[in-house]
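Novice: my questions are about this predicted structure, shown below with the sequence.
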Amino acid sequence: MQIHHLVKIAVVVATVLLLQSCGAINWNQEPPYSLVNTWGEKGSNPGQFNDPTGIAVTSNEVFVSDARNSRIQVFDKMGNFKRAFGQQQLGRPMNLAIANDTLYVPDYFKDAVHVFALDGQYQGAIETSPALDSPGGVAVFPDGDLLVADTYGQRLVRVSPEGSQRRTWSGKGIWSGEFNYSTSVAVDNNGGFYVADGYNDRVQQFGTDGEYMRKWGGPFGLNIFGPFKGWFATVTSIAIGPEGNLFVADFYNNRIQKFTAEGDYLTSFGVESDGPGQTEIAVAVDSDGTVWSVNFDANRVEQWRP
């Protein structure tokens, strides 16, 4: 009888742990965020988009990668168009990063990270050796170095602002520290970082020393996709909020998911597509906690608040 009782306890504990890892049990769940504003439609005129793929914000402006129009568009926070730039330099701009009054734009077609002043003045391109291969994301370390998600290169690259390669993390696979078309990166205030490991359907976290710490997304973070809380179906963008929480664009599930810095699920929100396309492809977070996303299918910007 005692052994039978212990087996029952073990089964219950294992079930609770599995359900918690899948997000079915969530001790810290928050309400979803509310959609408070949108703007944009398909087209090539100012304020229109053709497959937006990235977003970044400052205290008073919103920057959007207008991918198939090969430009960056800038708006005030009410959605009023202010300016566009980059048509002469950009091929296919992707996830954006802003640091030190500078905009960094990974270019999926031109295998480089373009650098602009926030007013649109072009400052040059960062290229590496070996060359980047369709980079999808970029973030900036506290010391000014860049971290590039080299999507088709199946690696991360840390480079100086001048393009000198400092360190790489590479290897295609499903195990810890390996990647399957990483799409986006985010660096925290201490120099640790997170990776949107796109087709592995997971997030990976690395410490300030660059060493792997943890992963999450589906059972054991091993390339198993699904619609459940804390699971993903292609991770396309990642951003850190002012309190250190993580916001992740879960593309084929049409949502943004929010996690603690350690990967505990908090909430999710998003807009379903009216047709066969997908919606939430990129995310940015304001200093006041407002979340901004771009809706790929509807070709628009979305603003969310708790």
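Specialist: All right, it came through fine. Numbering: from 1, shown residues only.
Novice: only C-alpha atoms from now on, for both contacts and neighbour counts.
Specialist: Will do.
Novice: who touches the spatially closest residue to Thr183 that is not a sequence neighbour in this structure?
Specialist: Using C-alpha to C-alpha, 6 or more residues apart in numbering and skipping residues adjacent in sequence, the residue nearest Thr183 is Gly136, 4.9 Å away. Counting by C-alpha atoms under 8 Å, 6 or more residues apart in numbering, Gly136 touches 94-95, 106-108, 148-151, 182-184.
Novice: cool, and Thr267?
Specialist: Counting by C-alpha under 8 Å, 6+ apart, Thr267 has contacts 29-32, 257-259.
Novice: list the buried ones in the host helix or strand of Arg167?
Specialist: Per DSSP states H and E: Arg167 is located in strand 165-170. Residues of strand 165-170 classed as buried: 165, 169 (neighbour count, 16 or more other C-alpha atoms under 10 Å).
Novice: helices or strands up against that strand?
Specialist: Contacts defined by 3 or more C-alpha pairs under 8 Å, 6 or more residues apart in numbering; DSSP states H and E place strand 165-170 against strand 155-159.
Novice: got the angle between the strand it packs on and strand 165-170?
Specialist: Strand 155-159 runs at 170 degrees relative to strand 165-170, counting by axes from the mean of the first three to the mean of the last three C-alpha atoms, to 10 degrees.
Novice: which residues are contacting strand 155-159?
Specialist: Residues contacting strand 155-159 (C-alpha under 8 Å, 6+ apart): 128, 145-150, 165-172, 179, 182.
Novice: extract the C-alpha set from it and format it as PDB.
Specialist: Below are the C-alpha coordinates for strand 155-159, written out as PDB (Å, rounded to 0.1, in the frame of the first residue of the first chain):
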ATOM      1  CA  ARG A 155      24.600  31.800 -35.700                       C
ATOM      2  CA  LEU A 156      24.700  34.800 -33.400                       C
ATOM      3  CA  VAL A 157      27.600  37.300 -34.000                       C
ATOM      4  CA  ARG A 158      28.900  39.900 -31.500                       C
ATOM      5  CA  VAL A 159      30.600  42.700 -33.400                       C
END
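Novice: quick one: that strand to chain centroid distance?
Specialist: In terms of C-alpha atoms, centre = their mean, to the nearest Å, the centre of strand 155-159 is found 16 Å from the chain centre.
Novice: count the neighbours of Pro306 for me.
Specialist: 12 (other C-alpha atoms under 10 Å).
Novice: below-threshold pLDDT in this protein: ranges please.
Specialist: Filtered on pLDDT under 70, the chain yields the residue ranges 1-28.
Novice: which residues of it fall in helices?
Specialist: 2-21 (DSSP state H).
Novice: how far does the strand holding Arg167 sit from the chain's center?
Specialist: With C-alpha atoms, centre = their mean, you get 20 Å for strand 165-170.
Novice: what lines up beside it in the sheet?
Specialist: strand 155-159 (antiparallel) (DSSP bridges).
Novice: name the residues of the partner strand that come out as buried.
Specialist: 155-159.
Novice: pick the one among these closest to Asn190.
Specialist: Arg158 (15.5 Å; C-alpha to C-alpha).
Novice: so what pairs up with that closest one in the strands?
Specialist: Bridge pairing for Arg158 - DSSP bridges - gives Leu147, Arg167.
Novice: measure it to Thr151 for me?
Specialist: Note on Arg158: its distance to Thr151, by C-alpha to C-alpha, to the nearest Å, is 14 Å.
Novice: got it, and Glu162?
Specialist: From Glu162 to Thr151 the distance is 21 Å (C-alpha to C-alpha).
Novice: among the two, which residue is more densely surrounded?
Specialist: Thr151 (23 against 13).
Novice: which parts of the stretch 1-150 of the chain are strands?
Specialist: Ranges of strands within the stretch 1-150 of the chain are 34-39, 52-57, 61-66, 71-76, 81-85, 97-99, 102-107, 112-117, 122-126, 137-140, 146-150, based on DSSP state E, counting those that start in this stretch.
Novice: who does the fifth one pair up with?
Specialist: Just to be clear, that refers to strand 81-85. Counting by DSSP bridges, strand 81-85 is paired with strand 71-76 (antiparallel).
Novice: between the strand it pairs with and strand 61-66, how many degrees?
Specialist: 150 degrees.
Novice: touching, Tyr108 and Asn95? I think so.
Specialist: No: Tyr108 is beyond contact range of Asn95, at 9.8 Å (criterion: C-alpha atoms under 8 Å).
Novice: on that earlier part again, quick check: of the contacts of Gly136, which lies closest to Ser293?
Specialist: Using C-alpha to C-alpha, the contacts of Gly136 come closest to Ser293 at Asn95, 11.2 Å.
Novice: ok, that closest one - contacts?
Specialist: Contacts of Asn95 (C-alpha under 8 Å, 6+ apart): 53-55, 65, 105-106, 136-138, 184, 237, 282.
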